[in-house]
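Participant: sequence and predicted model, in that order:
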Amino acid sequence: MNDLDATHDDLVRELAEGKRRFHALPDSLNATERAAVRRAALAQRFGADLTKTGEYTLDAEAAADRHCENMIGATQIPVGVVGPLSVRGDYADGDFYVPLATTEGALVASINRGANAITAAGGASVHVEDVGMTRAPVFKTSGLAETREFLAWVVANEDAMREVAEATSRYLRLLDVKTYAIGTTVFVRFRFSSGDAMGMNMATIACDRVVHELVEVQTGVQCIALSGNYCVDKKPAAVNFQHGRGKRVQAEVVLDASVLRKLKTNAADLVEVQYRKNLLGSIAAGATGYNAHFANVLAAFFLATGQDPAHVAEASMGVTTIEAHGDDGVIVSVFLPDTPIAAVGGGTTLDTQREALAILGVKADPERPGVAALRLAEILGATVLAGELSLMAAFTSKDLAGAHERLGRSAQS
């Protein structure tokens, strides 16, 4: 490969032949050089052309250090924009142009149609709550008697645990501690506020300190795993639906008959498809989400703005409602109870993701910690609302297949 010289031939050959591990490259190579060596080895071993994988603009040193081990390059995803989208929230109030990263043809066009309708109707009213990031270690007791003693200890020592946890970060605050016991198994669910960070790493570090410096030392009860799946991270779960996780977002818009006509629909048809698709269809399927396609919008928004895309698994289990309103109008709302989202840290530090956040006017202010993430969550709520509105209207107008045929069908289909 043309970005390597002959001095790297031995390294490439050793990797290609399996004589050296991909992480075991000399420290004398910088991140760009290490990525190039790995690409060359893969190309040699599999006969693959990785030229385009090696063409990227991100900071290789930062990406390899903070985001991706054994880095070989970058995968590019097209980014589109929808807007103007009128948002009326406590932290986001105005017209926004929202960047979305996706490979699904017709998605951006569909969300843009919903954004136009929302803006024509005067905007989406949005409300967001910071319900906190959770981590729930799991403990093993010797039996029911020790379980009861352990539960009582947790209640009596919440302040002591708070002191240890909050010492790990100036932005972290322990909101509460809940327990759930099954025989000799006890889950302790810590809930934290974490400023503008999504907070999962902060919560993990804090819980590790609390468990090993306080809980195990004073109780003698063993922690089996720092995450006991009662958190619940990156999985849809009833406990998160009921109590929330990350940000809990509500967004709604009132549409009159004139706006509905522009969407080629009407109030009666929208209410009907909502009832039979999002409600009864989801019940019949045993689904944990009662919506049309939250995941589509969440994934595109998360990728563009540097969120952890795996959190789409839990964030997509919200509810869409459509009800008759006034004379031939509707009120459309979305409820997202479990939305881990961040304005700092993680993927938000990558160059293109920072640019996307700049379009949205999202920038952390040390004097107002948490406000930037709340602003981002409100914009997300309105964007999800736009996506739901457009798709539901497309079902009533029988335009879904036609839109995908025009905009999303590949030349090979």
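Facilitator: In hand now; what should we look at?

Participant: longest single helix anywhere in this protein?
Facilitator: With DSSP state H setting the assignment, residue counts place helix 371-396 as the longest helix in the chain.

Participant: and the closest residue to residue 370 other than its chain neighbours, how far is that from residue 278?
Facilitator: The spatial neighbour of residue 370 that comes closest, neighbours along the chain excluded (C-beta to C-beta, 6 or more residues apart in numbering), is residue 195 at 4.9 Å. Heads up, the C-betas are built off the backbone N, CA and C, glycines and all. From residue 195 over to residue 278 the distance is 34 Å, taken as C-beta to C-beta, to the nearest Å.

Participant: for residue 142, same thing?
Facilitator: Applying C-beta to C-beta, the value for residue 142 to residue 278 is 48 Å.

Participant: average pLDDT across stretch 387-400?
Facilitator: Regarding stretch 387-400, the rounded mean pLDDT is 88.

Participant: ok, stretch 282-296 next?
Facilitator: pLDDT averaged over stretch 282-296 equals 96, rounded to a whole number.

Participant: use 32 as the first number from now on
Facilitator: Will do, 32 is the new start, and the previous item becomes stretch 313-327.

Participant: pull out the buried residues from it.
Facilitator: 313, 319, 320, 321, 322, 323, 324, 325, 326, 327 (16 or more other C-beta atoms under 10 Å).

Participant: other residues contacting the strand or helix carrying residue 326?
Facilitator: Under the criterion of DSSP states H and E, residue 326 resides in helix 325-336. Helix 325-336 is contacted by residues 108, 110, 129-133, 135, 138-139, 142, 320, 338-340, 342-343, 346-349, 351, 365, 367, 379, 384, 387-388, 391, 393, 407, 411, 414-415, 417-419 when judged by C-beta atoms under 8 Å, 6 or more residues apart in numbering.

Participant: how far off centre is the longest helix of the chain?
Facilitator: From the chain centre to the centre of helix 402-427 is a distance of 14 Å (C-alpha atoms, centre = their mean, to the nearest Å).

Participant: what residues of it count as buried?
Facilitator: Of all the residues in helix 402-427, those buried under the rule 16+ other C-beta under 10 Å are 402-427.

Participant: stretch 353-369 now?
Facilitator: Counting neighbours by 16+ other C-beta under 10 Å, one finds that the buried residues in stretch 353-369 are 353, 360, 361, 363, 364, 365, 366, 367, 368, 369.

Participant: ok, stretch 262-280 next?
Facilitator: 262-265, 267-268, 270-272, 274-280.

Participant: before we move on, what about stretch 180-196?
Facilitator: Neighbour counts over stretch 180-196 (16+ other C-beta under 10 Å) mark 181, 182, 185, 188, 192, 193, 195, 196 as buried.

Participant: now do the contacts for the spatially most central residue of the chain.
Facilitator: Residue closest to the mean C-alpha point of the chain, counted by C-alpha atoms, centre = their mean, is residue 342 at 4.1 Å. For residue 342, the residues meeting the contact criterion (C-beta under 8 Å, 6+ apart) are 229, 265, 277, 333, 370, 371, 372.
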